[in-house]
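In: structure of the sequence below:
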Amino acid sequence: MKDKVTIITGASRGIGRAIAVRLAEYGGNLILIGRDKSKLDETANFVTEKGGKPSVYAGDVSNKNFIDDTVKDVLNKFGRVDHLINNAGVAIFKKFVDVTIEEFMAQMNVNMYAVFNFTKAVVPYMVQNKSGTIINISSLAGKNPFVYGTTYAATKHALMGFTKSLMLELREHNIRVAAVCPGSVQTDMIIDTPVAPKEISKVLKPEDVAETVAVIINLPQNALVSEIEIRPTNPK
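Out: Predicted structure coming up:
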C-alpha cells in the first residue's frame, strides 16, 4: 500500500480510527473522513506516527455534495483511489413502537445512502484502472434480527444486499468488494444503550475489525474474500 490512496469514512473514532492506524503501518495516503475535525486531526497524528500520510476532510457523509467534492479533490491531488472503506455508521436502538421515521432516515442516510454515493463516486475510476478494493463495514445485524434493532438491522440488511450484488458486478473489472460483519464492538455506538453487553471488555475491540480489513486488502490480487463474520471468542 506504499503508494496507494485509501478513503476511510467515520475515521474520527472507533473502528474507523483503528482501521486508519492499522493501514498506516503500510504507508500510503489515507483520506480520513468524518464530522469532527478535531477528532480527525487526532487520528491523523496517530496515522503519521505509524508511517502513513493522512489527509483530513471534515463533513457530513449524508451530504452528496460533500462526498462528490471530496472525491473530486482526492482525484485531483492524487490521481487515483485504490481502496474505499465505507465505515461510517449510525445506530439508534429502540423498539419499533418508539422509533420515529426521522430516526430511521438518519440511519439510512449514513448506513446506506452515503455508502451508495461514495461508491458511485469512485467506481468509474476503479473500472478505468481495472483495480480497486471496496470494503463495507456492515454488522451481524445485517444478517440476524434482534430486539431494539428493527430500523438499524434494516439498514444493514440493505447494505448486505448492495454489497453482495456489487461484488458480482465489479469482479469482472478486477475490483474486489467485501463486507465485514462484526458482532458487538467496544465503541460509543453501543455504550449506554439497550443492547450494551453486560461485560463490554469481553466483546470485540476496534483493532480486531481493523485487522480483518488489513487481511482483506493484503490478499493477493487474484483472491477475493467477499464476506467475513467476526465475533468475540467467548463473550460470556
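In: would you mind listing the buried residues in stretch 151-165?
Out: Buried residues in stretch 151-165, defined by neighbour count with 16 or more other C-beta atoms under 10 Å: 151, 152, 153, 154, 155, 156, 157, 158, 159, 160, 162, 163. C-beta coordinates here come from the backbone N, C-alpha and C atoms, glycine included.
In: and the closest residue to residue 167 other than its chain neighbours, what is it in contact with?
Out: Excluding the flanking residues, the one nearest residue 167 by C-beta to C-beta, 6 or more residues apart in numbering is residue 177, at 3.9 Å. By C-beta atoms under 8 Å, 6 or more residues apart in numbering, the residues touching residue 177 are 133, 134, 135, 136, 163, 166, 167, 170, 171, 224, 226.
In: now residue 10. Nearest residue, chain neighbours left out?
Out: What sits nearest to residue 10 in space, not counting adjacent residues and going by C-beta to C-beta, 6+ apart, is residue 88, at 3.3 Å.
In: which of the three states applies to the one you found?
Out: coil (DSSP: H, G, I helix; E, B strand; the rest coil).
In: pretty sure it sits against residue 9.
Out: Yes. Between residue 88 and residue 9 there is a contact at 3.9 Å, judged by C-beta atoms under 8 Å.
In: next, show the common contact partners of these two.
Out: Shared contacts of residue 88 and residue 9, counting by C-beta under 8 Å, 6+ apart, come down to 16, 33, 34, 61, 114.
In: so who does the fourth one touch?
Out: Residues in contact with residue 61, defined by C-beta under 8 Å, 6+ apart, are 9, 10, 33, 34, 35, 67, 88, 110, 114, 118.
In: measure stretch 170-187 end to end?
Out: Terminal residues of stretch 170-187 lie 32 Å apart, using C-alpha to C-alpha, to the nearest Å.
In: list the contacts of the residue nearest to the spatial centre of the chain.
Out: In the chain, the C-alpha nearest the mean C-alpha coordinate belongs to residue 87, at 1.6 Å (C-alpha atoms, centre = their mean). Neighbouring residues of residue 87 by C-beta under 8 Å, 6+ apart: 8, 9, 10, 11, 15, 16, 19, 137.
In: could you do residue 122 as well?
Out: Residues in contact with residue 122 (C-beta under 8 Å, 6+ apart) are 7, 71, 81, 84, 132, 134.
In: pull out the buried residues from stretch 228-236.
Out: Of all the residues in stretch 228-236, those buried under the rule 16+ other C-beta under 10 Å are 228, 232.
In: what is the rounded mean pLDDT of it?
Out: Averaged across stretch 228-236, the pLDDT comes to 87.
In: can we start the residue count at 12 from this point?
Out: Renumbered: residue one is now 12, and that last one reads stretch 239-247.
In: just the CA trace of it, in CSV.
Out: Extracted C-alpha coordinates of stretch 239-247, given in CSV (Å, rounded to 0.1, in the frame of the first residue of the first chain):
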residue,chain,number,x,y,z
ILE,A,239,-16.3,-12.1,6.8
GLU,A,240,-18.2,-12.5,10.1
ILE,A,241,-16.1,-11.7,13.2
ARG,A,242,-17.3,-12.4,16.7
PRO,A,243,-15.9,-12.4,20.2
THR,A,244,-14.4,-15.8,21.0
ASN,A,245,-16.1,-16.0,24.4
PRO,A,246,-18.5,-13.1,25.2
LYS,A,247,-19.9,-14.6,28.4
